[in-house]
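**Student:** Structure of the sequence below:
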Amino acid sequence: MSVVGYRAKNHPQQVAARGARSEVDDRSTPREIFGPLNDRFRFTLDACATAENAKCERYWTIADDGLSRPWTGERVWCNPPYSHPNLHRWLNKAWAEWNRGAELIVMLVPANRTEQDWWQRLVEPGRDRSGPLHTEFLPGRIRFLAPGRTVIRPNERPPFGCCLLIWGSP
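**Tutor:** Numbers count the residues shown, from 1 in each chain. Next comes the predicted model:
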């Protein structure tokens with residue numbers, strides 16, 4: 001069943017155009033999550049990283065601007081900032097780069113926002129059908145590493161699960 005066209009009202013914290021907040025948006029994917037994914041997908045590029053949290057030898061920072069660089073021929077890992085309007089931008093970029101010739105794109109996104117416009121317009125219409133986009137909902141809640149920290153403290157899980165959006169063969 002699809003809810004395309006459904007107009008949900010989201011909490012202001014989910015849609016406020018306040019820009020990126022590093023304490024929320026700049027979280028590192030833990031090695032225990034990324035490692036098995038990298039073994040499976042053999043990523044060549046981390047498209048949205050910092051020097052401290054990059055998962056691939058080749059990566060782009062905010063200064064490098066992964067949204068303006070081509071991903072053609074790459075096997076891309078992307079854990080984008082989750083604040084509004086960043087997810088929209090990164091999803092649009094992934095679709096554009098898939099159509100331009102990216103070999104594979106795997107994006108980690110919140111799994112609790114399926115009612116939001118970015119999911120309804122950019123994920124739902126083509127996911128898990130005959131097109132290139134597949135979804136995999138991850139079990140539990142990922143414990144992300146906060147900027148400047150070397151360990152994850154208790155209760156540092158986000159209040160949502162995550163899923164993978166995979167363009168290409170899963």
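
**Student:** In contact with Trp119, which residues are there?
**Tutor:** Going by Cβ atoms under 8 Å, 6 or more residues apart in numbering, Trp119 touches Arg113. For the C-beta atoms, the positions are set from N, CA and C on the backbone; glycine is no exception.

**Student:** Check the secondary structure at it for me.
**Tutor:** helix (DSSP: H, G, I helix; E, B strand; the rest coil).

**Student:** gap between it and Pro36?
**Tutor:** Using Cβ to Cβ, to the nearest Å, Trp119 is found at 25 Å from Pro36.

**Student:** list the buried ones in the strand or helix carrying Asn99?
**Tutor:** Counting by DSSP states H and E, the element that carries Asn99 is helix 86-100. Residues of helix 86-100 classed as buried by neighbour count (16 or more other Cβ atoms under 10 Å): 86-87, 90-91, 93-95, 97-98.

**Student:** Tell me the one among those nearest to Pro80.
**Tutor:** Trp90 (3.8 Å; Cβ to Cβ).

**Student:** Tell me if I'm right that that closest one and Asn79 touch.
**Tutor:** No: applying Cβ atoms under 8 Å, one finds Trp90 not in contact with Asn79, separated by 9.6 Å.
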